[in-house]
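Undergrad: Need a 3D model of the sequence below.
(one chain, ligands or ions: 1)
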Amino acid sequence: MAAPDNIIVGSHVWIEDPKLAWIDGEVTRISGKDVHVRTTNGKNVVTNMSQVFPKDTEAPPGGVDDMTKLSYLHEPGVLQNLATRYELNEIYTYTGNILIAVNPFQRLPHLYDTHMMEQYKGAAFGELSPHVFAVADAAYRAMVNEGKSNSILVSGESGAGKTETTKMLMRYLAFLGGRSGVEGRTVEQQVLESNPVLEAFGNAKTVRNNNSSRFGKFVEIQFDKSGRISGAAIRTYLLERSRVCQISDPERNYHCFYLLCAAPAEDKEKYKLGSPKSFHYLNQSKCYELDGVNDAHEYLETRRAMDIVGIGEEEQEAIFRVVAAILHLGNIEFAKGAEIDSSKIKDDKSRFHLDTTAELLRCDPTNLEDALIKRVMVTPEEIITRTLDPENAVSSRDALAKTLYSRLFDWIVEKINVSIGQDPDSKSIIGVLDIYGFESFKCNSFEQFCINFTNEKLQQHFNQHVFKMEQEEYTKEEIDWSYIEFVDNQDVLDLIEKKPGGIISLLDEACMFPKSTHETFAQKLYQTFKNNKRFIKPKLSRTDFTILHYAGEVNYQANQFLDKNKDYVIAEHQAVMTASKCPFVMGLFTPLKEESSKSSKFSSIGARFKLQLQSLMETLSVTEPHYIRCVKPNNVLKPAIFENVNIIQQLRCGGVLEAIRISCAGYPTRRAFYEFLNRFGLLAPEILDENYDDKVACQMILDRKGLKGYQIGKTKVFLRAGQMAELDARRAEVLGNAARIIQRQIRTHIARKEFISLRKAAMELQSYIRGDLLDFN
Ligand SMILES: Nc1ncnc2c1ncn2[C@@H]1O[C@H](COP(=O)(O)OP(=O)(O)OP(=O)(O)O)[C@@H](O)[C@H]1O
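TA: Below is the predicted model:
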């Protein structure tokens, strides 16, 4: 971005710093490509010219509310601007049409009260300070005025504030499109109250967020012709199933388990529950309580919210019975049975939990026991019953717990949808997508693979949109944009989802082939993608693979991919549950429509997710998108701490820097003619004297300075990346020369004044002495 002639000795610049990401300083010497910089923390650093970025010394002290107003649009400038604003509690900043929201980690109620909502209502975008309400308002206005569906895509890493942002968006949309004074539960009230219910069953404490949503969510709010909310639908994605049986310290399982353990005594008695410490699914971690959260109170609140969203008393009862049954199920332990590779219920305690599970699920305890420890194989000749060893019995138990829980979650979502109701006549919707951001951990498994696949898809959508917006601006200003390059991530998407031959297809094939192992699957990947630029086989591993995602490299461990991709309910579990005397439990296990109609029995999570994603992308493609990028400023979840390196990484992953890059590939700096003349008129004062039209004057100045490739629009000058800095450097020279002339004049003046007074004094002295001498004679 920085051309060498941007930077001269004395320039204020940004250079990379391992700790702070970027640090500012002043250029003290330039020799060839080497630039010597004295940094503000007192160090002398030599770096390459290409790594040096100009700093805008005239940037407003409080930052700018839209990054595109920055004179130099580059990474350090963006970071500095966000940091300056964050310090002033200005957590929202635009980058063109994208809203960046930095999590304040403290309540800022004045930002979200009714008075604020009133202010944003109908205000033109950009007129007031950046805000989620402004984005929601723009989406709503666009929908009402143009009759087109809109969507708001909220993304960011865990704990960045997506769910909070989504809640604000929904509150504001309910404020705009709600009906006042309607009797009973309104649609918008139900939409808002669906949050606490979903959070109780889909959220958990993780190391990164005390209230982390373990699923993705797309809320579609339907509006009638007059812009009133007339229906809503919630779609959820990829609930984290493994958490039901496996948690690590200091995380927690899903909130609902702890809420139920804190329920009033009669409820606890009914479900035979005790302290969370007594349940295997909860006591794998030492964390039971959340700071500032009272589980007993939350239990009652969740029940109240369930009432509002239309989940009846009996259904609530059944839901919590299943939740309690899962806890008891987890406490069933197995010991080695009499035969080899067989198991039995370990002791009386386990038997108690087995009986309680059966009682709560209203199923037969013996059948449940058999379903947990035996498998029936039907061959053409005979029916063989095989036993499971204790280890496999535990897997069988956990598989049942996971299936029960995910079916329960899906049921709740479906119920909310039915009770809120869809409006079949709705012409336009506003969709709000709250989905997990790009993930890269030490160990990345199938979940990360699906999450990152989602993010690749959304990134493509984002790039295409940002690119389109840029084009629109250029077209409006009637400038040529034909040569702006557009980098696409289609190659990564092909690697993942191409049919046949993509990773998901190969994984499905491996899952269908009984002899496959994670090793054979990995080998197949290595072989197929030997020459793929986006795929790497790590040198020292036989089952890991690396994908070069748009946001960086991620190393995946293939060893659980096959198991995690298989999406079937063990036939024995299915049989016991469908025989339940409780219609609710039985209902959870009725085969899905798609499953019963399919000829092949095989279904995979990956393939199903791919279809879900496809349908989401289709929905999004007919909407006008708006983007909110949430940023988590620190990992200690505390206010006022702004960790540069961490944030830069998120801006990269969230595509903010990519949007900036796209913008830089075109004309990142735009200045209205008068602004340009104000700043650079002094480069050619004679042109200003001539009273030319502003547009002509701008062009003459740019030509005089020998700039190439810029464009003149109808109201603005469009500069290529680095050209603003180049002009600033020339301006600094002119101002420097002027300063030197002024200094010279002043110094001459002072010296002359001194000389004259000295001469005068000398003459006076001389005449005095001479006079004295004369007198003497
Ligand atoms: N605008 C805000 N004002 C005050 N606090 C906020 C705001 N946004 C986020 N927070 C705080 O940050 C925490 C994490 O936010 P949130 O749960 O929305 O993150 P998330 O991005 O949805 O995370 P996950 O992906 O783990 O669900 C919240 O519990 C809240 O304490």
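
Undergrad: mind listing what the nearest residue to Y550 once chain neighbours are set aside touches?
TA: Nearest residue to Y550 in three dimensions, chain neighbours excluded: N489, at 4.8 Å (C-beta to C-beta, 6 or more residues apart in numbering). Any C-beta I mention is one placed from the backbone N, CA and C, and that applies to glycine too. Contact analysis of N489 by C-beta atoms under 8 Å, 6 or more residues apart in numbering lists E456, Q459, Q460, N463, Y550.

Undergrad: per-residue confidence at N489?
TA: On pLDDT, N489 comes in at 86.

Undergrad: Flag every residue of the stretch 301-450 of the chain that's near the ligand.
TA: Selection of the stretch 301-450 of the chain residues close to the ligand by C-beta under 6 Å from any ligand atom yields Y436.

Undergrad: hey, where'd the strands end up in the stretch 301-450 of the chain?
TA: In the stretch 301-450 of the chain, the strands defined using DSSP state E, counting those that start in this stretch lie at 334-336, 343-345, 374-378, 383-387, 428-436.

Undergrad: avg pLDDT for the biggest helix by length in the chain?
TA: Longest helix of the chain, by residue count under DSSP state H: helix 723-776. In this model, helix 723-776 has a mean pLDDT of 88.

Undergrad: want to throw the strands of the stretch 301-450 of the chain into TSV with mean neighbour count and mean pLDDT?
TA: As requested, the strands of the stretch 301-450 of the chain are exported to TSV (neighbours: other C-beta atoms under 10 Å; pLDDT from 0 to 100):
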stretch	mean neighbour count	mean pLDDT
strand 334-336	16	94
strand 343-345	21	92
strand 374-378	13	84
strand 383-387	11	86
strand 428-436	24	92
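
Undergrad: Out of these, flag the one nearest I221.
TA: Nearest to I221 among these is strand 428-436 (5.0 Å), distances taken as C-beta to C-beta.

Undergrad: Contacts for the closest one, please.
TA: Contact partners of strand 428-436, identified using C-beta under 8 Å, 6+ apart, comprise 136, 139-140, 143, 147-155, 157-158, 162-163, 165-166, 169-170, 173, 213, 216-223, 237, 451, 454, 458, 616, 619-620, 623.

Undergrad: which other helices and strands contact the longest helix of the chain?
TA: Counting contacts by 3 or more C-beta pairs under 8 Å, 6 or more residues apart in numbering; DSSP states H and E, helix 723-776 packs against strand 53-54, helix 673-680.

Undergrad: which one of these has the lowest average pLDDT?
TA: Ranked by mean pLDDT, those end with helix 673-680 at the bottom, a mean of 88.

Undergrad: and it, what other elements does it pack with?
TA: Applying 3+ C-beta pairs under 8 Å, 6+ apart, we find helix 673-680 packed against helix 694-704, strand 716-719, helix 723-776.

Undergrad: just the ones you listed: most buried one?
TA: Each of the helices and strands packed on helix 673-680 was scored by mean neighbour count; the highest is strand 716-719, a mean of 24, by mean count of other C-beta atoms under 10 Å.

Undergrad: what mean pLDDT does it have?
TA: Strand 716-719 comes out at a mean pLDDT of 87.

Undergrad: What of stretch 505-516?
TA: For stretch 505-516, the mean pLDDT works out to 86.

Undergrad: what's next to that stretch, contact-wise?
TA: Residues outside stretch 505-516 that contact it (C-beta under 8 Å, 6+ apart) are 498-499, 520-521, 524-525, 528, 561-562, 565-566, 602, 604, 606-607.

Undergrad: And stretch 647-654, by the same measure?
TA: Residues outside stretch 647-654 that contact it (C-beta under 8 Å, 6+ apart) are 21, 75, 78-79, 82, 100, 102, 155-157, 160, 437-438, 455, 551-552, 629, 631-633, 657-658.

Undergrad: how about the residues of the stretch 501-650 of the chain near the ligand?
TA: C630.

Undergrad: Spatially nearest residue to the residue in the stretch 501-650 of the chain that the ligand sits nearest to (excluding sequence neighbours)?
TA: For the stretch 501-650 of the chain, the residue closest to the ligand is C630, as judged by C-beta to the nearest ligand atom, at 5.6 Å. Nearest in space to C630, with sequence neighbours left out and distances taken as C-beta to C-beta, 6+ apart, is G156 at 3.1 Å.

Undergrad: give the contact list for that neighbour.
TA: Under the criterion of C-beta under 8 Å, 6+ apart, the neighbours of G156 are A101, K162, G437, R629, C630, V631, K632, Q650, G654.

Undergrad: Tell me where the stretch 151-300 of the chain has strands.
TA: Under DSSP E, counting those that start in this stretch, the stretch 151-300 of the chain gives strands at 203-204, 212-213, 216-223, 229-237.

Undergrad: Quick check: closest non-adjacent residue to P365.
TA: Nearest to P365 is A358, by C-beta to C-beta, 6+ apart, at 3.8 Å.

Undergrad: which residues touch that neighbour?
TA: Applying C-beta under 8 Å, 6+ apart, one finds that A358 lies in contact with D364, P365, L368.

Undergrad: Give me the buried subset of those.
TA: Among the contacts of A358, those buried by neighbour count (16 or more other C-beta atoms under 10 Å) are P365, L368.

Undergrad: Mind checking which of the contacts of A358 land in helices?
TA: Members of those lying in helices (criterion: DSSP H): P365, L368.

Undergrad: what about Y474, which SS state?
TA: Recorded secondary structure, Y474: helix (DSSP: H, G, I helix; E, B strand; the rest coil).

Undergrad: how close does it sit to F467?
TA: Separation of Y474 from F467 (C-beta to C-beta, to the nearest Å) stands at 11 Å.
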